[in-house]
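[1] no sequence for this one, just the structure:
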């Protein structure tokens, strides 16, 4: 801010004196801006320090079983202590926060020492007290005027301005009029206006070119650079924080023939994984040993791509799922953890593209691959030992059962012998369970496979069983409609209607319920998922995944299909190729509530009959919990529906003109009225002309004027 100096008619060449520039406005403005940044920045810095000391309290960093202790310790190590404070985001924020606090304290000191708004004070200018006598005023004036006289300070602008201030101050204290104006308005010349300026420090205003240069640098260099960097970074990503390059890669290499064995290489081909898996010299020996072992033992199929980054990621993913991570060095382990942390989102991208192309088998394989990655358990058919005499369908069925049996290895301390004890039966005693889902339903006191385990190991198994969801799936097919639609149509139509007629209508309405499906109805399938292992009123905790490096939550995929040609062909489902199942819904349920209701809608077929649907409820975090249900429903002919009878008031509304018709009718009436007014004016003019007949210069009465026009004659009377 700047304030105009009082004017004094001096003999000096300068009549207007400005006060010294007031920096206090800049101080307050800068402090305000700093506070806006300091509050959240300081809160973040302090909260991170507190969390580094006492821990974040994340349930993922707390071991619920013995097998989760190592994972919990690693998570706690990464989220506490100096590991939490060594991140680039925290260091950057801390440096900026310290600089901001330094500037804030410096500005506060300036405000304390020089924060008062400058005003014209003659006593301050002359350096005298408020109660100084006239002689003291004159003495101070003579002393200062000699010191700052322009003749003694030639070319010194500061001295010239000070000399004029001294003269102005002297006049304000000696002249009666000036003194009265100063006491009343704070200005010897009377009431004056303030000159408002920008709140910048005086050092910048004294050098106006600096302001222009700084403005140009900010507008032409800094802001465009920041925007360009942000845009260049953000445009790389699409939905679900997946790079467009990854989507392009998926679109290029995925096809309908890909199966579970191909997906590790597909995931390793993503742009995110390629950035992580840059080859390093220290990788040569451990990677060579791992790749050789997997090739010799046929633990992975022959890679399609020879790219070093893709091959490195492919081998690391197989090492994780085959539980060979003890052969990795520290660098490889860190890269594997980074890749696994992005894996759930990247696999969802594979599912998305497979579903867009209507490749059902590939979509289901991608979900199974997600289960394998989270649990660190590889169930690809090629890795499941099978008798050599089995071929074709028998071999496929054997491997399917073997994969279900292998899902039991997700439990702690379960090896092949424990799995065999659960899945193998005799002629007299059947197998207790064939999958993890079946094993969870067995009462704890009857669970097999724990023979030979210590009490601690048995408790660990039971604790894991309590954490893994025991899902119950119920379904209901219905049509959403009000049952009174057909009854209320004629309500109050005839107040004298007999009670028998009303009873008949009620019976008719009761016959039409939401459970009955007619041709071309909009059918709703309500799927209720109940986690029976979760107490009522509670939510599911983090997924039990001791081999996965970060905390994850369970989700469920709901897949509704029908066989091509045998399902509701009019339901809107599509099949990419002839003979493939029709997909009606492929949706993800992420709610963690104990009971979750999810609805899927489709159109009923155009023809009556019995139809079959296949509902799959698939976990994205656990193997062996998937459920498949076959749903059958009947479609009734639409001719059985009662004829809809509209309400009498609705019929009357149909006869009333619409708003558009009313507007059009009003326009037509206006045009007709204008035409009639024009015709009336023309008739009046014609009658006026006929009423005037020259007869010796006299006007005849209008009644005596007769005009007869015959279109067929040439005469006119």
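    Nice, I can see it. Treat the numbers as computed from the prediction; the structure is a model and nothing was measured. Residues are numbered from 1 along each chain as shown.
[2] could you use CA atoms for every contact and neighbour count after this?
    Fine.
[3] skipping adjacent residues, who's closest to the spatially most central residue of the chain in space?
    Centroid-nearest residue in the chain, with C-alpha atoms, centre = their mean: residue 240, separated by 8.8 Å. In this structure, residue 240 finds its nearest non-sequential neighbour in residue 345, 6.7 Å apart by C-alpha to C-alpha, 6 or more residues apart in numbering.
[4] who's in contact with that neighbour?
    By C-alpha atoms under 8 Å, 6 or more residues apart in numbering, the residues touching residue 345 are 240-242.
[5] residue 165 against residue 125, yeah?
    Yes: look at residue 165 against residue 125 with C-alpha atoms under 8 Å: they come within range, at 7.0 Å.
[6] how many neighbours does residue 226 have?
    Burial of residue 226, expressed as a neighbour count using other C-alpha atoms under 10 Å, amounts to 11.
[7] state the distance from it to residue 233.
    Distance of residue 226 to residue 233, computed by C-alpha to C-alpha, to the nearest Å: 11 Å.
[8] same check on residue 159?
    Note on residue 159: its distance to residue 233, by C-alpha to C-alpha, is 57 Å.
[9] the more surrounded of the two?
    In this view residue 159 and residue 233 are compared by other C-alpha under 10 Å, and residue 159 has more residues nearby, 19 against 10.
[10] per-residue confidence at the nearest residue to the more buried one once chain neighbours are set aside?
    Using C-alpha to C-alpha, 6+ apart and skipping residues adjacent in sequence, the residue nearest residue 159 is residue 148, 5.1 Å away. Residue 148 is assigned 87 on the pLDDT scale.
[11] residue 148 touches residue 162, doesn't it?
    Yes: counting by C-alpha under 8 Å, residue 148 sits close enough to residue 162 to count as a contact (6.6 Å).
[12] quick check: mean pLDDT of the host helix or strand of residue 179?
    The secondary structure element spanning residue 179 is helix 176-185 (assigned by DSSP states H and E). Over the span of helix 176-185, the pLDDT mean works out to 77.
[13] which positions within it qualify as buried?
    Applying a neighbour-count criterion of 16 or more other C-alpha atoms under 10 Å, the buried positions in helix 176-185 are 178-182.
[14] and stretch 376-386, by the same measure?
    Within stretch 376-386, the residues scored as buried using 16+ other C-alpha under 10 Å are 376-381, 383.
[15] any chance of CSV for those residues, columns secondary structure and pLDDT?
    Conversion of those to CSV gives the following (DSSP: H, G, I helix; E, B strand; the rest coil; pLDDT from 0 to 100):
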residue, secondary structure, pLDDT
376, coil, 94
377, coil, 93
378, coil, 93
379, coil, 88
380, coil, 84
381, helix, 77
383, helix, 69
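[16] pick the one among the residues you listed closest to residue 334.
    Using C-alpha to C-alpha, the shortest approach to residue 334 within the buried residues of stretch 376-386 belongs to residue 376, at 15.9 Å.
[17] and the gap between the closest one and residue 286?
    According to C-alpha to C-alpha, residue 376 stands 20 Å off from residue 286.
[18] got it, and residue 274?
    Residue 274 is 19 Å from residue 286, where distance means C-alpha to C-alpha.
[19] same question for residue 591.
    Between residue 591 and residue 286 the computed distance is 41 Å (C-alpha to C-alpha).
[20] repeat that for residue 410.
    27 Å.
[21] ditto for residue 553
    If you measure residue 553 against residue 286 using C-alpha to C-alpha, the figure is 33 Å.
[22] and the helices in the stretch 251-400 of the chain?
    Listed from the start of the chain, the stretch 251-400 of the chain has helices (DSSP state H, counting those that start in this stretch) covering 263-268, 271-276, 284-296, 308-321, 330-356, 360-375, 392-406.
[23] now those helices as JSON lines including mean pLDDT and distance to residue 586?
    Rendered in JSON lines, the data for those read as follows (pLDDT from 0 to 100; distance: least, C-alpha to C-alpha, whole Å):
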{"stretch": "helix 263-268", "mean pLDDT": "96", "distance to residue 586": "20"}
{"stretch": "helix 271-276", "mean pLDDT": "94", "distance to residue 586": "26"}
{"stretch": "helix 284-296", "mean pLDDT": "89", "distance to residue 586": "35"}
{"stretch": "helix 308-321", "mean pLDDT": "94", "distance to residue 586": "26"}
{"stretch": "helix 330-356", "mean pLDDT": "94", "distance to residue 586": "8"}
{"stretch": "helix 360-375", "mean pLDDT": "95", "distance to residue 586": "9"}
{"stretch": "helix 392-406", "mean pLDDT": "84", "distance to residue 586": "23"}
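[24] can I get the ones you listed in JSON lines with distance to residue 49?
    Conversion of these to JSON lines gives the following (distance: least, C-alpha to C-alpha, whole Å):
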{"stretch": "helix 263-268", "distance to residue 49": "36"}
{"stretch": "helix 271-276", "distance to residue 49": "29"}
{"stretch": "helix 284-296", "distance to residue 49": "38"}
{"stretch": "helix 308-321", "distance to residue 49": "34"}
{"stretch": "helix 330-356", "distance to residue 49": "24"}
{"stretch": "helix 360-375", "distance to residue 49": "31"}
{"stretch": "helix 392-406", "distance to residue 49": "44"}
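[25] all the strands of the stretch 551-700 of the chain, in order from the start?
    Counting by DSSP state E, counting those that start in this stretch, one finds strands in the stretch 551-700 of the chain at the ranges 556-562, 582-589, 595-603, 609-619, 627-636.
[26] could you please name the strands the last one pairs with and the direction of each pair?
    In other words, strand 627-636. Here strand 627-636 has these sheet partners by DSSP bridges: strand 517-518 (parallel), strand 609-619 (antiparallel).
[27] quick one, which of these is nearest to residue 645?
    Where the strands paired with strand 627-636 are weighed against each other on C-alpha to C-alpha, the nearest is strand 517-518, at 18.6 Å.
[28] which SSE is immediately downstream of the closest one?
    Sequence-wise, the next helix or strand beyond strand 517-518 is strand 522-531, with elements assigned using DSSP H and E.
[29] show me what that next one is in contact with.
    469-480, 517, 594-604.
[30] are any of those residues buried, and if so which?
    Neighbour counting with 16+ other C-alpha under 10 Å marks 469-471, 473, 477-479, 517, 594-595, 598, 600-604 as buried within the contacts of strand 522-531.
[31] can you tell me which of those is closest to residue 174?
    Using C-alpha to C-alpha, the buried ones among the contacts of strand 522-531 come closest to residue 174 at residue 594, 89.6 Å.
[32] that closest one contacts residue 538, doesn't it?
    Yes: under the contact definition of C-alpha under 8 Å, residue 594 touches residue 538, with a separation of 6.4 Å.
[33] count the neighbours of residue 454 for me.
    Residue 454: 10 neighbours (other C-alpha under 10 Å).
[34] what does residue 618 give?
    When neighbours are defined as other C-alpha under 10 Å, residue 618 has 23 of them.
[35] likewise residue 148?
    A total of 20 residues lie near residue 148 under the criterion other C-alpha under 10 Å.
[36] picking that back up, least confident pick among the contacts of residue 345?
    residue 240 (81).
[37] you'd agree it is in a helix?
    Yes: if the criterion is DSSP: H, G, I helix; E, B strand; the rest coil, then residue 240 is within a helix.
[38] make residue 1 into 53 and carry on from there
    Sure, I'll start counting at 53 from here, so that last one is residue 292.
[39] ok, it to residue 401 distance?
    Look at residue 292 and residue 401: by C-alpha to C-alpha, they are 8 Å apart.
[40] show me how far stretch 590-608 is from its chain's centre.
    Offset of stretch 590-608 from its chain centre (C-alpha atoms, centre = their mean, to the nearest Å): 22 Å.
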